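A.B. asks: let me see the structure of the following:
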Amino acid sequence: MRPTQHPSNNDVLRAPPGVAVEDCKPLAITRIQYDNGIRGVWSFWQPSEAERKAIADGALIRLSAWGTTHPPVALHVDGVEGEPW
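C.D. replies: Down below sits the predicted model:
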């Protein structure tokens, strides 16, 4: 999947300290605040046609993060309301 622009984007994440810019491209994000006051960050991703077919055929979607852990995350399909996990 490739990151993509979204009309709500209002910031950009860049490579963290110690990581070469060539190894970590900028990522357009949307900084948000939920109704309960918790802040969050959204990024939007566009699957290729091959990825769409694989997903339709039941392939899993993997979330990768650098480091030894990551904060709580969720994956959604933009514009489709799903069951909470």
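
A.B. asks: sec struct for the residue nearest to Ala59 when sequence neighbours are not counted, please.
C.D. replies: Spatial nearest neighbour of Ala59, excluding adjacent residues (CB to CB, 6 or more residues apart in numbering): Glu51 at 7.9 Å. For every residue, glycine as well, the C-beta is placed using N, CA and C. Assigned with DSSP: H, G, I helix; E, B strand; the rest coil, Glu51 falls in the helix class.

A.B. asks: centroid residue for this structure?
C.D. replies: Ser43 (4.0 Å; CA atoms, centre = their mean).

A.B. asks: would you confirm that that one contacts Pro3?
C.D. replies: Yes. Counting by CB atoms under 8 Å, Ser43 touches Pro3, with 5.9 Å between them.

A.B. asks: give me the common contacts of these two.
C.D. replies: Both Ser43 and Pro3 are contacted by Leu27, Ala28, under the criterion CB atoms under 8 Å, 6 or more residues apart in numbering.

A.B. asks: what about Trp42, how many neighbours?
C.D. replies: The number of residues packed near Trp42 is 15, by other CB atoms under 10 Å.

A.B. asks: which one is it nearest to, not counting chain neighbours?
C.D. replies: Closest residue to Trp42 apart from its sequence neighbours, by CB to CB, 6+ apart: Thr30 at 4.3 Å.

A.B. asks: tell me the contacts of the one you found?
C.D. replies: Thr30 neighbours (CB under 8 Å, 6+ apart): His6, Ser8, Asn9, Asn10, Asp11, Val41, Trp42, Ser43, Phe44.

A.B. asks: residues in contact with Gly37?
C.D. replies: Listed by CB under 8 Å, 6+ apart, Gly37 has no contact partners.

A.B. asks: got the phi and psi for it?
C.D. replies: When quoted as degrees, to the nearest 10, the phi and psi of Gly37 stand at phi 90, psi -10.

A.B. asks: quick revisit: distance check, the residue nearest to Trp42 against Met1.
C.D. replies: Here Thr30 is placed at a distance of 17 Å from Met1 (CB to CB, to the nearest Å).
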